[in-house]
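Chemist: could you work out the structure for the sequence below:
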Amino acid sequence: MLVSIGGGSVTDATKIINLCLKHGLRTPESMEPYHIVVNADRSVTAPVFDGPDLPVVIIPTTLSGGEFNALSGATDKKVNVKQGYAHPAMTARAIIIDPAVTVYTPEWIWFSTGVRALDHCFETLGALNSNDYWDGMAMNGLRLLSKGLLACRSNYRDLTARQQCQMGAWCSMVAIVAGLPMGISHATGHALGGSFDVPHGYTSCVMAPVALEFNADVNGDRQALISLALGEPATAAHVLADRLIRALDMPRSLRQVGLGEKDLDPLAGYVLQDIWCGTNPKPINDRAAIVEFLRRAL
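Modeler: Residues are numbered from 1 along each chain as shown. Okay, the predicted model is just below:
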């Protein structure tokens, strides 16, 4: 069996290695038939293949939540695009959630991946095709994560708070694992991470509030659930998200993670190739429109 101990990159690598072992994949070219393809019309084609055989056990040390998902991502360095690989058999056989293991995780990784988990909840509650069960899990995830992350900020070795964060990250993944598509914050995050080497948690710190504000005129009633879960129903969701991320001392702009105006157009091109660019509540499939959206985050 394969055992993963670490963050999301280690988790995804372990699941993809299992797929490579199954099919004898040794080169980037040999992996090409196995990744999800985004078509010109923004639809997505998932290849059909036999799943891996070996059981995988995952011990996560961060909060990004990939351990719960069959979908895994890896960057093809030849085209500089993060590709998705998915099969039901890529799901972990067991996940060991132990807050004591996570005290060795650097603070910036813990808090930024915690915001990544928050973003799963944000985009679940913003989705126009969610349901009451997914909404309930996402709202509980927001409650647990917001309280747990702020408690960890006060006392980084608080194991009760750390496990609260882990439970919140678990709740945040329920809708994604069940098949609910995410939106433009996740699509941009994949491009920032896969093509610009921005740490995955930081991508949500920068983009989540921007995406919430951008989408508010089409899903404002849905975003009210975010404000309710965070305990301030009269305050806009993007304001609460921004406030929480700043309280964790995380970056809030593209410039803070190393990008500038010259990077917006190439970044938009990579966003267009992501599996979730075409499923944002407010359609944004044109490259120029994506550039204008990204400019909000500079």
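Chemist: CA atoms for contacts and neighbours, from now on please.
Modeler: OK.
Chemist: just checking, what packs against the helix ranked longest in the chain?
Modeler: Criterion DSSP state H: the longest helix present in the chain is helix 200-229. Other helices and strands packing on helix 200-229, by 3 or more Cα pairs under 8 Å, 6 or more residues apart in numbering; DSSP states H and E, are helix 107-126, helix 132-154, helix 184-196, helix 237-247.
Chemist: so Ile59, which state does it fall into?
Modeler: In the three-state summary, Ile59 is assigned as strand, counting by DSSP: H, G, I helix; E, B strand; the rest coil.
Chemist: tell me, how many residues neighbour it?
Modeler: Using other Cα atoms under 10 Å as the criterion, Ile59 is surrounded by 19 other residues.
Chemist: what of Ser154?
Modeler: As a burial measure, the neighbour count of Ser154 was computed by other Cα under 10 Å and equals 10.
Chemist: give the contact list for Asn80.
Modeler: Residues in contact with Asn80 (Cα atoms under 8 Å, 6 or more residues apart in numbering) are 194-195.
Chemist: one more: Cys277?
Modeler: Applying Cα under 8 Å, 6+ apart, the residues contacting Cys277 are 42, 183-184, 187-188, 271, 284-285.
Chemist: could you chop the protein up by domain?
Modeler: 2-95, 107-295 (automatic domain parsing).
Chemist: distance of Ala268 from Leu63?
Modeler: Ala268 sits at a distance of 27 Å from Leu63 (criterion: Cα to Cα, to the nearest Å).
Chemist: okay but Leu192 is in contact with Thr203, surely?
Modeler: Yes. Taking Cα atoms under 8 Å as the contact criterion, Leu192 and Thr203 are neighbours in contact, 6.6 Å apart.
Chemist: which of those two has more neighbours?
Modeler: The residue with the greater number of neighbours, taking Leu192 and Thr203 and applying other Cα under 10 Å, is Thr203; the counts read 29 against 26.
Chemist: now do the contacts for the residue nearest to that one when sequence neighbours are not counted.
Modeler: In space, Thr203 comes closest to Gly189 once its chain neighbours are excluded; the distance is 4.9 Å by Cα to Cα, 6 or more residues apart in numbering. The contact partners of Gly189, by Cα under 8 Å, 6+ apart, come to 200, 203-204, 207.
Chemist: 7 Å - rerun?
Modeler: 200, 203-204 (Cα atoms under 7 Å, 6 or more residues apart in numbering).
Chemist: out of those residues, who's nearest Ala175?
Modeler: Using Cα to Cα, the shortest approach to Ala175 within the contacts of Gly189 belongs to Ser204, at 17.6 Å.
Chemist: what about the residue lying closest to the closest one once chain neighbours are set aside, neighbour count?
Modeler: Spatial nearest neighbour of Ser204, chain neighbours left out: Arg116 (5.3 Å); criterion: Cα to Cα, 6+ apart. The burial metric for Arg116, expressed as a neighbour count using other Cα under 10 Å, is 27.
Chemist: for Arg116, give its distance to Ala178.
Modeler: Look at Arg116 and Ala178: by Cα to Cα, they are 18 Å apart.
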